[in-house]
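K.L.:
Turn this into a structure:
(one chain, ligands or ions: 3)
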Amino acid sequence: MMRNLAMLTDLYEFSMAGGFHRELPKTRGVFDIFYRNVPDHGSFVVAAGLAQVVDVLRDFHFDASDIAYLRGLKLYDDDFLAYLADFKLDCTVTAVAEGTPVFPREPLLTVEGPLDQVQLLETVLLNIVNHQSLIATKARRITFAAAGRPVMEFGARRAQGPDAAIYGTRAAIIGGAASTSNVLAAKAFGIPAAGTMAHSWVEAFPSELAAFRSWAKQYPDNAALLVDTYDVLASGVPNAIIVFKELLAAGHKPVGIRIDSGDITKLAKLARRQLDAAGLPDVKITASNALDEYVIPALLAEGAPLDNFGIGEKLITSSSSPVLSGVYKLAATRTNGVLKPKIKVSASIEKTTLPGIKQTYRLYRPGSCEAFADVIALADEQLTAPLAVVNSNPLTTHKRIVLTAFDAQPLSAPVPLDQPAPSKVFAIQRFAKTKLAELPSETQRLVNPDTYTVYVTQQLADLQQQLMDEAKRD
Ligand SMILES: Nc1ncnc2c1ncn2[C@@H]1O[C@H](COP(=O)(O)OP(=O)(O)OP(=O)(O)O)[C@@H](O)[C@H]1O
Ligand SMILES: O=P(O)(O)OC[C@H]1O[C@H](OP(=O)(O)OP(=O)(O)O)[C@H](O)[C@@H]1O
Ligand SMILES: O=C(O)c1cccnc1
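P.N.:
Ligands and ions are numbered 1, 2, ... in the order given. Below you'll find the predicted structure:
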């Protein structure tokens, strides 16, 4: 499914890679992907995109036309170009599983390899992980708001281009959507393809009733009728009722109606009343029209009798918060086997990076599935109680705490690159639901969620301080 994306990088990555190749050929680098701010003022991001990262890494090469193009830039020497022409990826990846809720500053993915290689990977890895994690996070919010009612993903026409539609749909399923109208994504990822009809179908016939009858003739067992082309209550629902009764008489089960404009609560309540009065209580009502995680609860709070939702633009573009600014930061180098933790110091303390090779642990109340905090540790630390930790958010009071009772589970694991990553989207969705259920409910609400605590171990905090002090002295 994934094409070779080796050239999807920023020019400066090639320029640094060329320099690293010449100047530091024996040095390996360790980069972390993490983010600092959660879209929509949420408290976590749902990680997604790892399967596509693995696809890219498994087929990472430069063809003759790529090399000719790079040669034409007249920036790179023959030795580097020959290395790229014969590129053999020598990287290892550690990552959280897709569907894992992750918090600010926690590495989602760590890659280690020759410096020139890992530098080249920055752009494409961020592109994939930032996009899919953003849409999975938005889908989690929207499906949370839908409170168990199925969400159909309808966004292909509004997505920012084909890739955003295809991989955005994949991410929407990871975040909780049930089906998609996007046929390419449905086929590629094994997602149920779903849909109703457009206004054009109704407009094209001499009358709404003729349009509905004809639809029912084509698709007698899949007749979902769009009832708002002319007047939902005066014609749309009454005409749908006539056709549904005809379907029932012919031994078919009518599916439902879709309302795509107007005051959805008012229209759905009155439509439900008409359908029930006609003896059609099983006919479902779908709502669409610029819905999101704020409109849906408003509709449900008013008692709108809605069975499912069709959601396009606000989901596929995450329009209320359209950027996940995950970053790719050098955490360590390794030369002749010697590991050297690295730090990026910033004037704003919250942007100073966490050095070294790390592992994030989710901490549970002993013997339970109730997570109460995460802790970022150095990968070779033993996480046993009592454990001295410090809040990872430098803007909170920097108090040292000793944790005495917890079960700890590591979030990251090595990712094999000799095989495709698990990519069954509904298995990932189920995993995401399990991991979400472990988090405190206050962390999951849509408005002003409670902050979930992420600690760093005292050892990691000390290392960060030591490197900051050294950087100041240099
Ligand atoms: N009861 C309601 N409470 C809150 N928001 C609602 C309610 N009913 C509908 N909405 C939302 O209000 C917005 C109305 O959009 P819009 O101004 O496009 O009106 P419209 O009737 O759909 O017009 P059009 O025919 O052009 O689509 C949509 O985002 C819709 O989801
Ligand atoms: O509003 P969204 O969340 O993006 O949901 C998808 C929208 O796409 C369709 O409208 P469109 O006007 O493109 O076509 P239609 O109304 O003729 O189906 C559909 O009717 C929805 O309103
Ligand atoms: O099937 C539908 O109803 C549909 C599909 C895409 C966009 N809007 C609606």
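
K.L.:
Confirm for me that residue 282 is in contact with residue 248.
P.N.:
No - applying CB atoms under 8 Å as the test, residue 282 and residue 248 come out as separate, 9.9 Å apart. Bear in mind the C-beta positions are built from the backbone N, C-alpha and C, glycine included.

K.L.:
shared neighbours of these two, which are they?
P.N.:
Taking CB atoms under 8 Å, 6 or more residues apart in numbering as the criterion, residue 282 and residue 248 both touch residue 254.

K.L.:
what's the pLDDT at the residue of the stretch 201-350 of the chain found nearest ligand 2?
P.N.:
Ligand 2 sits closest to residue 312 of the stretch 201-350 of the chain, with a gap of 2.5 Å, by CB to the nearest ligand atom. At residue 312, the model reports a pLDDT of 98.

K.L.:
what residue lies at the spatial centre of this structure?
P.N.:
By CA atoms, centre = their mean, the chain has its centre lying nearest to residue 133, at 2.4 Å.

K.L.:
Would you map the helices across the stretch 101-250 of the chain?
P.N.:
115-146, 162-174, 183-189, 199-204, 208-218, 237-249 (DSSP state H, counting those that start in this stretch).

K.L.:
related to what we said a few turns ago, pretty sure residue 152 is one of the things the residue of the stretch 201-350 of the chain closest to ligand 2 touches, is it not?
P.N.:
No - with contacts counted by CB under 8 Å, residue 312 stays clear of residue 152, the gap being 9.3 Å.

K.L.:
Looking at the two now, which is surrounded by more residues?
P.N.:
Using other CB atoms under 10 Å as the criterion, residue 312 and residue 152 rank with residue 152 on top: 23 against 20.

K.L.:
can you pull the contacts of that one?
P.N.:
177-181, 194-195, 286, 308-311 are the contacts of residue 152 under CB under 8 Å, 6+ apart.

K.L.:
interface residues of this structure facing ligand 1?
P.N.:
261-265, 289-291, 295, 298-299, 302 (CB under 6 Å from any ligand atom).

K.L.:
Check the spacing between the nearest residue to residue 151 once chain neighbours are set aside and residue 150 real quick.
P.N.:
In space, and not counting its chain neighbours, residue 151 is closest to residue 177: 4.7 Å by CB to CB, 6 or more residues apart in numbering. For residue 177, the distance to residue 150 equals 8 Å [CB to CB, to the nearest Å].

K.L.:
and the two? which has more neighbours close in?
P.N.:
Ranked by neighbour count (other CB under 10 Å), residue 177 and residue 150 place residue 177 first, with 30 against 18.

K.L.:
That one and residue 140 touch, don't they?
P.N.:
No - counting by CB under 8 Å, residue 177 does not reach residue 140; the two are 9.7 Å apart.

K.L.:
angle of whatever helix or strand residue 270 lives in against helix 237-249?
P.N.:
Residue 270 is part of helix 264-277 when elements are defined by DSSP states H and E. In terms of direction (axes from the mean of the first three to the mean of the last three CA atoms, to 10 degrees), helix 264-277 departs from helix 237-249 by 40 degrees.

K.L.:
After helix 264-277, which helix or strand is next?
P.N.:
strand 284-287.

K.L.:
what helices or strands is that next one leaning on?
P.N.:
For strand 284-287, the packing partners by 3 or more CB pairs under 8 Å, 6 or more residues apart in numbering; DSSP states H and E come out as strand 256-259, helix 264-277, strand 308-311.

K.L.:
How about the residues of the stretch 101-250 of the chain by ligand 3?
P.N.:
Within reach of ligand 3 by CB under 6 Å from any ligand atom, the stretch 101-250 of the chain has these residues: 154, 181, 195-196.
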